[in-house]
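[1] quick one, structure for this:
(one chain, ligands or ions: 1)
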Amino acid sequence: MSNIPTRITPIRWDDEKDEIVWLDNSQIPWKEVYFSSKKIGRLALAIKKLEIRGAPVLGEAGAYGIALAANNVHGSRKDVIDKVRSAAKTLVRTRPTAVNLAWGINRGVKSVELAYKEGLSIAEIKAAAVYEAKAVQSENIAATLKIGEAGKKLISDGDVLITVCNAGALACDGIGTATAPIRAAWAEGKRFNVLVTYTAPLYQGARLTAWELHRDDIPLKVITDNATGHLIREEKVTAAWAGADRILADGNVYNKIGTFNLGILLKHLGGRLYVAAPISTIDPITKAGGVKIEQRNQDEVKKIMGKLRIVPKGVEALNPAFDRTPPELVSAIVTELGIVQAPYIKSISGLLSKSRNKT
Ligand code: MRU
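    This next block holds a predicted model:
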């Protein structure tokens with residue numbers, strides 16, 4: 001497996017204080033601020049405000065949230081179950097599109113329910129929840145390293161790559177998902193350039209992906225979202241690397257708003273769109289159209305980073321956080337269990353059986 005350093009810890013469990021600690025994504029690149037809390041309400045707020053964000057890290061936050069709820073109980077064994085179920089309801093409502101959040105929460109809840117059924121003590125139930133959340137996190141980290149190993153083969157010397165949003169370590173832990181092949185190919189000595197799209201209105205590309213790749217000395221230039229068509233053609237972009245918040249069984253990919261645009265542009269101009277995500281991002285049940293696309297506060301569009309208003313008073317805005325890229329625009333999906341291509345119904349189902357056989 002890759003020996004690339006995993007230097008960013010977006011979230012962790014403090015064993016001494018029994019609380020969650022996270023790196024506030026909303027203050028990067030200006031400040032590196034860590035928050036900690038024992039309160040489910042504060043964790044929910046952190047997720048809503050994108051202090052904690054990105055599908056895989058949301059899975060970790062969900063599992064740690066359940067550990068927190070369990071550890072906050074000072075009553076009976078049954079109280080732990082009740083508190084954990086109520087925390088699960090609060091947390092799952094915070095962000096609807098990334099499937100990993102519900103996945104991480106469910107893993108935490110199941111671990112608590114199992115420990116309860118087995119007749120374990122309160123202390124043991126609490127420990128089981130923390131153990132499960134840490135397992136979710138270490139599996140995520142391992143998955144990013146494997147995604148890097150698999151995906152680096154799709155990158156060649158001289159490529160010009162483009163990214164959307166931030167699917168780096170801040171969002172996915174480890175070495176990121178979309179950034180994993182980029183970092184692994186770079187570490188192997190391949191040389192290429194990266195265009196990092198702003199990703200308005202919250203600038204996760206400009207603020208976060210640029211911050212991460214720059215720390216690795218990978219050459220990058222930040223571009224506005226509306227420069228993509230022109231620059232993909234003029235700079236001869238070979239491929240986009242995107243993460244995913246949810247991948248359906250038929251290969252429809254839900255990711256940060258703007259991914260669909262990149263897919264269309266690349267298809268028209270002869271480039272490829274690669275999607276990198278762990279298996280936990282695959283939702284084998286929901287059909288296209290059944291996924292709720294999060295609509296965020298209009299003020300994110302009307303004001304630059306919540307401060308300078310740029311839209312005339314009284315004018316409305318639309319702020320969908322994600323879009324759906326259809327499978328015909330996706331050249332390949334890179335996971336910890338390998339790379340799959342169209343027809344996705346077949347290849348994704350193969351991937352899921354492979355994953356079931358491993359557990
Ligand atoms: O709204 P965000 O910042 O939580 O957006 C999520 C993302 O970072 C992207 O959509 C990403 O590509 C998928 S999550 C690694």
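[2] which of the residues in the biggest helix by length in the chain are buried?
    Identified as the longest helix of the chain according to DSSP state H is helix 122-151. For helix 122-151, the neighbour count (16 or more other Cβ atoms under 10 Å) marks 122, 125-130, 132-134, 136-137, 139-141, 143-151 as buried. (Glycine included, C-beta is placed from N, CA and C.)
[3] could you chop this structure up by domain?
    11-145, 154-358 (automatic domain parsing).
[4] could I get those domains as TSV with distance to residue 5?
    TSV is the format used below for the domains of the chain (distance: least, Cβ to Cβ, whole Å):
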stretch	distance to residue 5
domain 11-145	11
domain 154-358	8
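[5] residues in this protein within reach of the ligand, list them.
    Counting by Cβ under 6 Å from any ligand atom, the positions of the chain adjacent to the ligand are 50, 53-55, 165-167, 171-172, 177, 204, 242-245, 255-256, 321.
[6] still on that earlier bit, in JSON lines: the domains of the chain, plus mean pLDDT.
    Putting the domains of the chain into JSON lines (pLDDT from 0 to 100) gives the following:
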{"stretch": "domain 11-145", "mean pLDDT": "98"}
{"stretch": "domain 154-358", "mean pLDDT": "97"}
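[7] so residue 155 sits against residue 191, correct?
    No - applying Cβ atoms under 8 Å, one finds residue 155 not in contact with residue 191, separated by 10.1 Å.
[8] and these two? Which one has more around it.
    Counted by other Cβ atoms under 10 Å, residue 155 and residue 191 do not tie: residue 155 has more neighbours, with 20 against 12.
[9] need the contact list for that one.
    Going by Cβ atoms under 8 Å, 6 or more residues apart in numbering, residue 155 touches 161, 181, 182, 185, 190, 192, 239.
[10] excluding chain neighbours, what is closest to it?
    Distances taken as Cβ to Cβ, 6 or more residues apart in numbering place residue 185 nearest to residue 155, at 3.9 Å, with adjacent residues excluded.
[11] tell me which element the one you found falls in.
    Element membership for residue 185 (DSSP states H and E) is helix 179-187.
[12] list the helices and strands that helix packs on?
    Packing partners of helix 179-187 (3 or more Cβ pairs under 8 Å, 6 or more residues apart in numbering; DSSP states H and E): helix 122-151, strand 160-163, helix 210-215, strand 239-242, strand 272-276.
[13] nearest to residue 61, out of the ones you listed?
    Residue 61 lies closest, by Cβ to Cβ, to one member of the helices and strands packed on helix 179-187: helix 122-151, at 9.1 Å.
[14] now do that closest one against helix 179-187, angle only.
    On the basis of axes from the mean of the first three to the mean of the last three Cα atoms, to 10 degrees, helix 122-151 is oriented at 50 degrees to helix 179-187.
[15] and helix 122-151, how far out from the chain middle?
    Averaging C-alpha coordinates over helix 122-151 and over its chain gives two centres that are 15 Å apart (Cα atoms, centre = their mean, to the nearest Å).
[16] and stretch 300-309, by the same measure?
    How far stretch 300-309 lies from its chain's middle: 24 Å, per Cα atoms, centre = their mean.
[17] find the closest residue to the ligand in this protein.
    residue 243 (2.9 Å; Cβ to the nearest ligand atom).
[18] ok, that residue - contacts?
    The contact partners of residue 243, by Cβ under 8 Å, 6+ apart, come to 54-55, 165, 167, 171-172, 176-178, 255-256, 275-277.
[19] show me where this protein has its helices.
    Taking DSSP H to define them, one finds helices in the chain at 40-48, 55-71, 77-92, 99-117, 122-151, 169-172, 179-187, 204, 210-215, 228-234, 259-269, 299-302, 344-358.
[20] adding distance to residue 311, write these out as JSON lines.
    Formatted as JSON lines, the helices of the chain follow (distance: least, Cβ to Cβ, whole Å):
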{"stretch": "helix 40-48", "distance to residue 311": "22"}
{"stretch": "helix 55-71", "distance to residue 311": "29"}
{"stretch": "helix 77-92", "distance to residue 311": "32"}
{"stretch": "helix 99-117", "distance to residue 311": "30"}
{"stretch": "helix 122-151", "distance to residue 311": "38"}
{"stretch": "helix 169-172", "distance to residue 311": "28"}
{"stretch": "helix 179-187", "distance to residue 311": "32"}
{"stretch": "helix 204", "distance to residue 311": "21"}
{"stretch": "helix 210-215", "distance to residue 311": "25"}
{"stretch": "helix 228-234", "distance to residue 311": "22"}
{"stretch": "helix 259-269", "distance to residue 311": "21"}
{"stretch": "helix 299-302", "distance to residue 311": "4"}
{"stretch": "helix 344-358", "distance to residue 311": "39"}
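[21] with respect to residue 310, which of those lies nearest?
    Of all these, helix 299-302 comes closest under Cβ to Cβ, at 6.9 Å.
[22] ends of stretch 325-341, what's the gap?
    15 Å (Cα to Cα, to the nearest Å).
[23] just how off-centre is it within its chain?
    Taking mean C-alpha positions (Cα atoms, centre = their mean), stretch 325-341 and its chain are 16 Å apart.
[24] can you pull the buried residues of it?
    Result for stretch 325-341 [16+ other Cβ under 10 Å]: buried residues 325, 327, 329-337, 339-340.
[25] lovely, talk soon.
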